[in-house]
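Okay, here's the prediction I keep looking at, along with the sequence it came from:
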Amino acid sequence: MSSDQTIINIDSIEKKSDSKQSKSDVTLTINAKEITAPATLSVIQALWHAGYPRVKGVGCLDGVCGSCRVMVRRADESELTMELGCQLLVEEGMSVFFSVFDTPSRHSYKLSEIDTSWDVQTEFHRIFPEAEQCRHCNGCNKACPKGIDVEGGVDLAVKGRFREAGEKFIDCVMCNLCMTGCPEYIDPNHVGLFSRRVTGYFHTRPSNLINQLEAIRTGELSVVTHAVDTQSSDLEEGQS
Amino acid sequence: MSEKSAMSGSISYQQALDAYLNKDDFPATELSIDESLLLEKFHPDHRQETITNLQVGPNKGDRCHKQVAKILQADSRIDATDLAGARIKETDILVIGGGGAGCAAALMAAESGAKVILATKLRLGDSNTVMAEGGIQASIEKGDTPQSHYDDTYKAGHKKGIKDLIKQLVMDGPETIRWLIQQGMQFDLNKYGDLLTRKAGGTSANRVVYFRDYTGLEMIRVLREAVANSSVDVWDYSPAVELLSNESGHCAGAIISSLHDCSFIQIKARSVIIATGGIGRVHLNQFPTSNHFGATGDGLVLAYRLGARLRDLDSFQYHPTGVAYPQHLTGTLITEGVRSSGAYMINALGERFVDELKPRDIVAAAIIRECEQGRGVVGNSADGNEGLQGVWLDTPGLEARNPGLLNQRFPKLVQLGLRSDIDITKTPMLVYPTLHYQNGGVVIDENGLSDIPGLYCVGEVSGGIHGRNRLMGNALLDIISFGRRAGLRAVKKSQNRGHKKISIDHISNLRRELTLNNMPMNTKSPLLFPDYARYEAIISCEKRGSSSHCGGCDI
C-alpha cells in the first residue's frame, strides 16, 4: 500500500510542533519568516511543513505554470536569482521572497485580424513596436527561470523569423518575469508566444487532419453507437 | 509502510538497480491475467472500506468515496447576511474556472456576442490542463475512424460511458484539433507537415496528437492569450463558493469569495458554466496526486447543492506512472507517452509484469500488485524513510532502442530527471500510481447542460463521457469539445432570459437536510484549497470584508 507517500504533503504539517531538527534539516527565510525544514523539500513544501498559510503564488507544483515565482538570495551570495518555488529545493541560509503581482501584457492583438501570412511582419511591428528597440541588456535572459535565450528569440522575431523565434520559447511557462526584467517594455514572452501562434495559425495544414475533416463533413465517417455492445465482451475477458 | 515492506520482503533501491543494470533483455511478460480480478484486488477504487452511501441530496443512497461524500455533505461557506452585504455585478454568461474547458467556453460565448465573466480561483490558466503532457486524441490517421475511437473509449470505460456523449466527443476530434490550430497552437509534425500520432494505452490505432510532452502547456498558453485578447472579463483569485438560483429554479449566477480582499461578490448571470476541474488535491486514499494545487472538487459541491445529479463518485483514475522517488517530486506525472513510445515497466526482480499499453486502471493495479507482493523497489530517501515504493520505468531501454528520442520528444521528463539527479537515459525512474483524474462527475447532456436549467458543467467536473476509466488524450479532447459546445449553447439558450429575483434558498434546504440526518456541520465546502495550504487561517482573519485591500494574509 502506498499511503505513506503523501507524508510530505499532509502528515508533516501535523507533526510540526513535535518535529525536532534533524541532520538533514536546513534553516532559511521565506518572506522574512524563519523556517526549518528537511533539505529534501521544495520551497513550497517547506512553507506547508512550517504551517504557514499561502494560497496565492501556488499553482501546478510541476514547474509549468509560472505561478510560484520567487526571488532568491543564497547564503553568502549577493546576487538575486529568479526561480520557481515548486522546483527549488531549500538550502541552508537561503532567503526567499514570493513575487506575487499582476503582470498584464501591454500588447493586444487578434490572430484573425492578420489577413495573410504576408502581413505578419508588418503586423508584428505594429503590435510590438518596442521589440526593435531591444538594447541587448540581457535583463530578460537573467530573469528567466527556465534558461531560455529570450533576447535571442526577440531578435529573431524582429527579423521576421517567427518559426525560429517560437522554437526558442518551447519551455516558456509565461511566468512573465522577463517582462519585469525588460526596460523597453517589450513583453518578450508575449513576443515569443506571438511567434509561436502565427506559425501554427498560418503554417500548420496537416493533410491527415484535413482528409479526415473532409470525410466527416461528407458523412463518409460516422459512429454507430450500438456496435460495440454486440462484440464479445473483450476488455473484461478476452483482451489479454 | 516500512513494516509492511519488511514483511513482504521488498527489495532495496540499490539491489533492484543492480538487478536491472545486469540485464539487457526484458521479454514481455507471459503472465496471463484476469483483468477484472486484478482490478478488484488491487485497484484503489475497490477498497470497499473507503466507500459510503450518500445521505442527502439528489444522489441520496448512491455509492460515493467517503472523502468525496464528506465535502458533498458539508456546510456552506455563506449565510444570507453575507449575501446582503455583497457587491453585485451582472453579466450574460459566467464561466467558473480558468483551465482549458473554461477558456474554450468563454471564447465561444464571447465570440457569439455575449458579455462574459470568467472567474477563476487562482489565475487564468492555473489548472490541470497546463500539466497535461501526453496529448489529445483525434482519429486522423489513415485507416483510423471515429468509430474505432468510440469503441476504444467505450470499452476502456468498462462500457459505463454514455454513448451519445462519447459519439459526440469522437466526432468532434478532428474539428477540435483544427480549432486549436486556429487559436495558434502547435503540434509535433512530420517533415511533410502532417500531424504525428502515437498510441495510448487501450487504443487500437495511433490517435494521440501532441506537442512534445508539453501538450497542455502549449494549449493553455495559447488559449490564455486568446482569452486575454478577447472581450472576456477575467476575474482572477475569485473562487465561487455558492451558486445562485432564481424563482423558476434556473441557475442565475454565483457568489465569489475574493482572495484579493476576502470579500463576497454576487455575479448575476443568465447562464453559468462550471469548469472547475477535478479533485486530486483531496488526496483520496491518501494517495499523492499529479493534480494542480486548486483541484479540490469545488464544482461538484456547487452543482450538487443546487440539485444537479452526479455519477460515478466511486471511480477515480490513478495514473500508473507518478514519480515515487525522490520524495520532493512524489506524485508528479510522467506522461503515458513514454510507454506509448515503447518504454517498459520492470519490477525489482528485473521482470516485466504487465502489458504496458493496457488501459491505465489495469496498469496501475498491476504496479500496486507488484509492490504489495514484495516485487516493488524501495526508494531510500535522504532521511532514511523507506516508505517510497515503486517499479522502474525503463527509459534507458527506450533510449537504447531509439537514440535521441527522449531529448527530442520528452524535454519535460528529461528536466524532471535532472531535478532528481537522475540521467534518465542511463538510470530508470521509480514510479508508482498517482491520483490523476475524476472519472465521474456532474451528469450532463451533449451540450454540457446539467439537470439544472442554466447550469452547464464541462471538463473533468462532468461525468459520463469516460465511464469508469479514461483513456489518455481523451481529457484534452473532452474539455475543448464540450467547453466550446457549452459556450455556444449557453448563449443561445439565455438570450431571452432576464435577471430575475435571485435566492440562495438551497442553502437553508441543505442545512435542514444535514441536521435531519444528524450529519456533522463542522466541515465547510467547497474546500477551495488542500488543508495544508491553511486557507481557513486566512479567511478567519478579522479584517475580512473590510473595504481596504488587505492583500490576503499569505505570508
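Alright, I've got the coordinates.

dump the residue contacts of A:S222.
Under the criterion of C-beta atoms under 8 Å, 6 or more residues apart in numbering or on different chains, the contact list for A:S222 reads A:I216, B:P146, B:Q147, B:M171. (Each C-beta comes from the backbone N, C-alpha and C, glycine too.)

Just the element for residue 52, please.
You didn't say which chain, so I picked chain A. With elements delineated by DSSP states H and E, A:Y52 resides in a region that no helix or strand encompasses.

sorry, should have said chain B
Assigned by DSSP H and E, B:T52 belongs to strand B:51-53.

Give me the contact list for that strand.
Contacts with strand B:51-53, where a contact means C-beta under 8 Å, 6+ apart, come from B:G61, B:D62, B:R63, B:C64, B:H65, B:K66, B:A69, B:D314.

before we move on, back to that, among the contacts of A:S222, which ones are in helices?
Assigned to helices by DSSP state H, the following of the contacts of A:S222 qualify: A:I216, B:P146, B:Q147, B:M171.

Now the stretch 401-550 of chain B against chain A: closest residue?
Closest residue of the stretch 401-550 of chain B to chain A, C-beta to the nearest C-beta: B:R534 (3.5 Å).

Okay, the nearest residue to that residue once chain neighbours are set aside and B:M429: tell me how far apart.
Closest residue in space to B:R534, ignoring its immediate chain neighbours: A:P53 at 3.5 Å, by C-beta to C-beta, 6 or more residues apart in numbering or on different chains. Distance, A:P53 to B:M429, by C-beta to C-beta, to the nearest Å: 33 Å.

Settle it for me: which of the two has more neighbours?
The residue with more neighbours, out of A:P53 and B:M429, is B:M429; 26 against 20, by other C-beta atoms under 10 Å in any protein chain shown.

In contact with B:R47, which residues?
The contact partners of B:R47, by C-beta under 8 Å, 6+ apart, come to B:N285.

what pLDDT does it get?
On the pLDDT scale, B:R47 is placed at 95.

Could you give the number of residues near residue 32?
Assuming you mean chain A. Applying other C-beta under 10 Å, we find 9 other residues in the vicinity of A:A32.

Sorry, I should have been clearer: chain B.
Residues within reach of B:S32, counting by other C-beta under 10 Å, total 7.

for B:G390, helix, strand, or coil?
strand (DSSP: H, G, I helix; E, B strand; the rest coil).

what are the bridge partners for it, then?
Counting by DSSP bridges, B:G390 forms beta bridges with B:V377.

of the contacts of strand B:51-53, closest to A:P188?
Proximity of the contacts of strand B:51-53 to A:P188 was ranked by C-beta to C-beta; the top entry is B:H65 with 45.4 Å.

do you know how far the closest one is from B:V56?
16 Å.

quick one, domains of chain A?
Residue ranges of the domains in chain A are recorded as A:3-98, A:111-203, according to automatic domain parsing.

out of these, which comes closest to B:E35?
For those, distance to B:E35 was read as C-beta to C-beta. The smallest value, 24.6 Å, belongs to domain A:3-98.

hang on, the earlier thing: most neighbours of all the ones in helices among the contacts of A:S222, which one?
Neighbour counts for these (other C-beta under 10 Å) peak at B:P146, which has 23 neighbours.

Touching, it and A:V223? I think so.
Yes - proximity of B:P146 to A:V223 meets the contact threshold set by C-beta atoms under 8 Å, at 5.1 Å.

follow-up on the earlier one: mind picking the two most distant members of the ones in helices among the contacts of A:S222?
A:I216 and B:Q147 (11.4 Å).

on that earlier part again, got a markdown table for the domains of chain A, with mean pLDDT too?
Output for these, formatted as a markdown table (pLDDT from 0 to 100):
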| stretch | mean pLDDT |
| --- | --- |
| domain A:3-98 | 82 |
| domain A:111-203 | 97 |
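
mind checking which of those domains is nearest B:D394?
The nearest among the domains of chain A, by C-beta to C-beta, is domain A:3-98 at 21.3 Å.

Can you list the buried residues in stretch B:484-496?
Of the residues in stretch B:484-496, those buried under the neighbour-count criterion (16 or more other C-beta atoms under 10 Å in any protein chain shown) are B:R484, B:R485, B:A486, B:G487, B:L488, B:R489, B:A490, B:V491, B:K493, B:S494.

can I get these in JSON lines with secondary structure and pLDDT?
As requested, the buried residues of stretch B:484-496 are arranged in JSON lines below (DSSP: H, G, I helix; E, B strand; the rest coil; pLDDT from 0 to 100):
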{"residue": "B:R484", "secondary structure": "helix", "pLDDT": "98"}
{"residue": "B:R485", "secondary structure": "helix", "pLDDT": "98"}
{"residue": "B:A486", "secondary structure": "helix", "pLDDT": "98"}
{"residue": "B:G487", "secondary structure": "helix", "pLDDT": "98"}
{"residue": "B:L488", "secondary structure": "helix", "pLDDT": "98"}
{"residue": "B:R489", "secondary structure": "helix", "pLDDT": "97"}
{"residue": "B:A490", "secondary structure": "helix", "pLDDT": "97"}
{"residue": "B:V491", "secondary structure": "helix", "pLDDT": "96"}
{"residue": "B:K493", "secondary structure": "helix", "pLDDT": "90"}
{"residue": "B:S494", "secondary structure": "coil", "pLDDT": "80"}
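
A:C68 reaches A:V96, doesn't it?
No - look at A:C68 against A:V96 with C-beta under 8 Å: they stay out of range, at 10.3 Å.

neighbour count winner among those two?
A:C68 (29 against 25).

Next up, the contacts around the more buried one.
For A:C68, the contacting residues are A:V43, A:I44, A:G57, A:V58, A:G59, A:L61, A:L84, A:G85, A:C86, A:F98, by C-beta under 8 Å, 6+ apart.

same deal with A:V191?
With contact set as C-beta under 8 Å, 6+ apart, A:V191 has these partners: A:F128, A:A131, A:G153, A:V154, A:A157, A:A165.

Now, of those, which are buried?
The neighbour-count test (16+ other C-beta under 10 Å) marks A:F128, A:A131, A:G153, A:V154, A:A157, A:A165 as buried among those.
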